[in-house]
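Visitor: Fold the following for me, if possible:
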Amino acid sequence: MTSDLINTFTPKNDLGDNDFRYETDLHNIFDTVRPEVLKGLEEFKQKTTELEIRYGSLALEFAVNWFNYTDKLTADETYNQFNYRAKRLRKQLIEGLKERGFKPSNVYKLIAAAEFQKRLQEGLYKGRKYGVNQRIAKIYEFVLTLPISSQYLLSGMTDQGIAKAMRYQEDTKQWDSKTDSFIGKPLTYKALEQLKKEYPLNTKETRGRKKNPLSQLHLVPDNQEAITIESTEVKEVTQESIARELVSLAKQLDREVWKDQKIISILKEAQSDLWNIAHIASQPTKELTTN
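Guide: Modelled structure (predicted):
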């Protein structure tokens, strides 16, 4: 029995760490399983991971194209009232990638990387249009050399963090007597995690609402050192976060909307779902009411 399998099946505590009180139980369970079965589970994870790495770049390109289309929808209020179509399509992109076999945790990293790439592409377009420097092109080229997980970490950094990441190998150069030269450290995932801790993105809020994840990329002149890119880390959507968002939106909806036929027609698209939610709220299960 490997430590990787033990970590996978160990229950987590409230902090998300392994709860070692179950260690004896796990050993008792694993002792009843044939070694061939445990080996098969290890091989399955290894092969699925290899496939995700192999096809991740294709899924990333797909997501960028998806966002290009939904952004155009956002600008079309006639076809996409209240941004409803764009939001539904975005949600389905996430669900579709999961259904195709990508792990949920990797899907959210992929989405963040796609949004980051898209902002850079928009910056390149603006740069060509207004004759701004090649700084954004250098950032974009740098990002494309990194794996998706690393791009995800960059999307959650400030402009200083991104600049540090680009200079990391140069800044960490030390004299190596064996090669008689200065050698820098490779930009590993662990190094990027540390940079993200040092330069976390400061998410801004307006009127209690979170800033749009597809925030703008600001262009800067050649003589300015800062690389000003605003981005937002994509957080995993949970059932709890969805419920809280529904409550927040429900409280903001004006009670006079019953007079607006357009809004009524929109709500009717999810009529059965809304009834189900109302039923859950008004008729909690016995298990919940007794706790």
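
Visitor: Can you list the residue ranges for helices in the stretch 151-291 of the chain?
Guide: Assignment of helices within the stretch 151-291 of the chain using DSSP state H, counting those that start in this stretch yields the ranges 159-166, 168-171, 189-198, 239-252, 261-268, 271-282, 286-290.

Visitor: Toward the C-terminus, what is the element adjacent to the lengthiest helix in the chain?
Guide: With DSSP state H applied, the helix covering the greatest number of residues in the chain is identified as helix 35-74. The helix or strand immediately downstream of helix 35-74 is helix 84-99, counting by DSSP states H and E.

Visitor: Can you tell me which helices and strands that next one packs against?
Guide: Under the contact criterion of 3 or more CB pairs under 8 Å, 6 or more residues apart in numbering; DSSP states H and E, the helices and strands touching helix 84-99 comprise helix 35-74, helix 104-130. The way it works is simple: take the backbone N, C-alpha and C, and place the C-beta from them, glycine included.

Visitor: Of these, which shows the lowest average pLDDT?
Guide: Of all those, mean pLDDT reaches its minimum on helix 104-130 (a mean of 87).

Visitor: After that helix, which helix or strand is next?
Guide: helix 135-144.

Visitor: Buried residues, that next one. List them.
Guide: Along helix 135-144, these residues count as buried under the neighbour rule (16 or more other CB atoms under 10 Å): Arg135, Ile136, Ile139, Tyr140, Phe142, Val143.

Visitor: Would you mind putting these into JSON lines with distance to Asn13 alongside?
Guide: What follows is the buried residues of helix 135-144, written out as JSON lines (distance: CB to CB, whole Å):
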{"residue": "Arg135", "distance to Asn13": "45"}
{"residue": "Ile136", "distance to Asn13": "44"}
{"residue": "Ile139", "distance to Asn13": "40"}
{"residue": "Tyr140", "distance to Asn13": "41"}
{"residue": "Phe142", "distance to Asn13": "39"}
{"residue": "Val143", "distance to Asn13": "36"}
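
Visitor: In those, find the pair that's most separated.
Guide: By the measure CB to CB, Arg135 and Val143 form the most distant pair in the buried residues of helix 135-144, at 12.8 Å.

Visitor: ok, the residue nearest to Ser181 when sequence neighbours are not counted - how many residues close by?
Guide: With CB to CB, 6 or more residues apart in numbering as the measure, Trp175 is the residue that lies nearest to Ser181, at 7.7 Å, once sequence neighbours are left out. The burial count assigned to Trp175 is 9, neighbours taken as other CB atoms under 10 Å.

Visitor: What of Leu146?
Guide: Using other CB under 10 Å, Leu146 is surrounded by 17 other residues.

Visitor: coming back round to it: so the longest helix of the chain versus helix 135-144, what angle?
Guide: Here helix 35-74 runs at 160 degrees with respect to helix 135-144, directions being taken by axes from the mean of the first three to the mean of the last three CA atoms, to 10 degrees.

Visitor: May I see the helices and strands packed on helix 84-99 organised as JSON lines, with mean neighbour count and distance to Gln239 added?
Guide: Compiled in JSON lines, these are given as follows (neighbours: other CB atoms under 10 Å; distance: least, CB to CB, whole Å):
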{"stretch": "helix 35-74", "mean neighbour count": "14", "distance to Gln239": "23"}
{"stretch": "helix 104-130", "mean neighbour count": "19", "distance to Gln239": "12"}
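
Visitor: Format the ones you listed as JSON lines; extra columns: distance to Thr188.
Guide: JSON lines is the format used below for the helices and strands packed on helix 84-99 (distance: least, CB to CB, whole Å):
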{"stretch": "helix 35-74", "distance to Thr188": "16"}
{"stretch": "helix 104-130", "distance to Thr188": "16"}
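
Visitor: To Asp17, which of those helices lies closest?
Guide: Across the helices and strands packed on helix 84-99, the minimum distance to Asp17, taken as CB to CB, is reached by helix 104-130, at 16.3 Å.

Visitor: Glu43 is nearest to which of the helices of the stretch 151-291 of the chain?
Guide: helix 189-198 (23.6 Å).

Visitor: so how far is the closest one off the chain centroid?
Guide: When distances are taken as CA atoms, centre = their mean, to the nearest Å, helix 189-198 is centred 16 Å away from the chain's centroid.

Visitor: same for that helix, what does it pack against?
Guide: When contacts are defined as 3+ CB pairs under 8 Å, 6+ apart, helix 189-198 packs onto helix 148-155, helix 159-166.
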